[in-house]
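Trainee: Show me the folded form of this:
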Amino acid sequence: MVRLLRPMLRPLARGTTYTRVLHLWVPMLIVSFWLFIDPRTPWMPALFVAPAGLVPAVRMGEGVQARLLLTPGEREPGISATPAASWRDRWRTVLWLEVRMLLGSAAVFATVQLLVLAYELAKCAWGLPPSGVPLLEHLPPQRAYALLAPLPLFALYGAVVGLGELVTACARRLLGPSAAERLAALEERTERLLERTRIARELHDSIGHALTVAVVQAGAARAAGDPEFTDRALGAIEETGRAALEDLERVLGVLRESERPVGTRPTLADAGRLLESARASGATVDAEVTGAVEAVPGPVSREGYRILQESLTNVLRHAGAVPVRVRVAVGDGTLALDVRNRLPDSMPGPGRGSGLRGIRERAALLGGNARTGPDGGDWRVRAELPLG
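Mentor: Got it, this is the predicted structure:
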């Protein structure tokens, strides 16, 4: 018996049940006020609230109230809290206001009538005559009515819970997001996922490059045993580490401030520090830049910088201090990046590692392409990014 009653009585322990009752009762304040003016037309407030639904801001107010009282604590309640953006949304708001008035009237009527019925049954059980209740006016007082007195309370409980579920379903239907709002939410969710992926790549490229340079420099300084070379290596480690800290702070700033602009991200105009960092690590870098790098659009220039950074990091990590040829060319609507170095025996094959995969993904997101792998005895990274 207890197992059967427990699911039925569970709504009594949920705060949502009581906030939904409050939501149903709120419109009745207007009806109560109107009854003081003209008790013969209790339906008149329903006509007054209809034009209010055509005001765009009313939809936002109803959505906020419905979220707060009907779906408290839900992360995705399915109820919009923005002003009406179309006439369809306005008419849906009008219909919602009428439905809310109707369900609120039903809730108040059920509450009053069932409570009165339970009270009158209790009076009859105590031997007192009923006071004008149509259903009980011809019944003689007797104690057997004490068994019937709880029934209206159970009916009230079912009516309150049922009306609460019904008004919530209506709110999700009539105050739910429109097709345009759902599309905007989907685009926003997609942008967040892309931003997380981009931040992961930023951290991988920036911190990975700094750690690779630091490891190579420290190993070379220990092997050289030359104080002057050690000083240069420590200086390169310090400079690379400082740049990595700046990148880390910037990425963390993006996480803290979702509206922070991306204009502070490094571009190909800052590629000189990458080349100097590789040279300081012992690599011989033959770099050639042709075309107006400063005129490259921001997104392409920023992704091009990260591709070049990961390419040099890959060289230092797997090949060490070897000669590297870097070519950056801007022209014919395309940014071309070409990085070559001698291929050692331990160089990984194409497609391995998240860094090389990230290069190809960056290029693909911009509508370009990237190829990584052995080429005539060299390891080559070739990326072409459209400028349009």
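
Trainee: Dihedrals phi and psi, Ala370?
Mentor: Note on Ala370: its backbone torsions stand at phi -140, psi 140 [degrees, to the nearest 10].

Trainee: I meant Pro77, not that one.
Mentor: phi -70, psi -10.

Trainee: ditto for Ile37
Mentor: Taking degrees, to the nearest 10, you get phi -90, psi -50 for the backbone angles of Ile37.

Trainee: Please work out how many residues are found near it.
Mentor: 8 (other CB atoms under 10 Å). Just so you know, the C-beta spots here come from the backbone N, C-alpha and C atoms, and that holds for glycine as well.

Trainee: Starting from Glu294, give me the distance back to it.
Mentor: Ile37 sits 73 Å away from Glu294, going by CB to CB, to the nearest Å.

Trainee: and if you look at Gln309?
Mentor: 18 Å.

Trainee: Compare the two (neighbour count), which wins?
Mentor: Gln309 (25 against 10).

Trainee: domain ranges for this structure?
Mentor: 2-177, 183-386 (automatic domain parsing).

Trainee: Turn these into CSV, including mean pLDDT.
Mentor: Below are the domains of the chain laid out as CSV (pLDDT from 0 to 100):
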stretch, mean pLDDT
domain 2-177, 84
domain 183-386, 77
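
Trainee: Enumerate every residue touching Leu121.
Mentor: Taking CB atoms under 8 Å, 6 or more residues apart in numbering, we find Leu121 in contact with 136, 145-146, 148-149, 151-152.

Trainee: Which strand or helix spans it?
Mentor: Using DSSP states H and E, Leu121 maps to helix 87-125.

Trainee: Tell me which other helices or strands the following helix or strand past that helix touches.
Mentor: Of the helices and strands lying after helix 87-125 in sequence (DSSP H and E), the nearest is helix 150-174. Packing partners of helix 150-174 (3 or more CB pairs under 8 Å, 6 or more residues apart in numbering; DSSP states H and E): helix 15-25, helix 87-125.

Trainee: try 6 Å
Mentor: Contacts defined by 3 or more CB pairs under 6 Å, 6 or more residues apart in numbering; DSSP states H and E place helix 150-174 against helix 87-125.

Trainee: now the helices for the stretch 251-388 of the chain?
Mentor: Under the criterion DSSP state H, counting those that start in this stretch, helices of the stretch 251-388 of the chain are mapped to 271-280, 298-318, 354-365.

Trainee: winner for burial among these?
Mentor: Burial of these is given as mean neighbour count (mean count of other CB atoms under 10 Å); helix 298-318 ranks first at a mean of 22.
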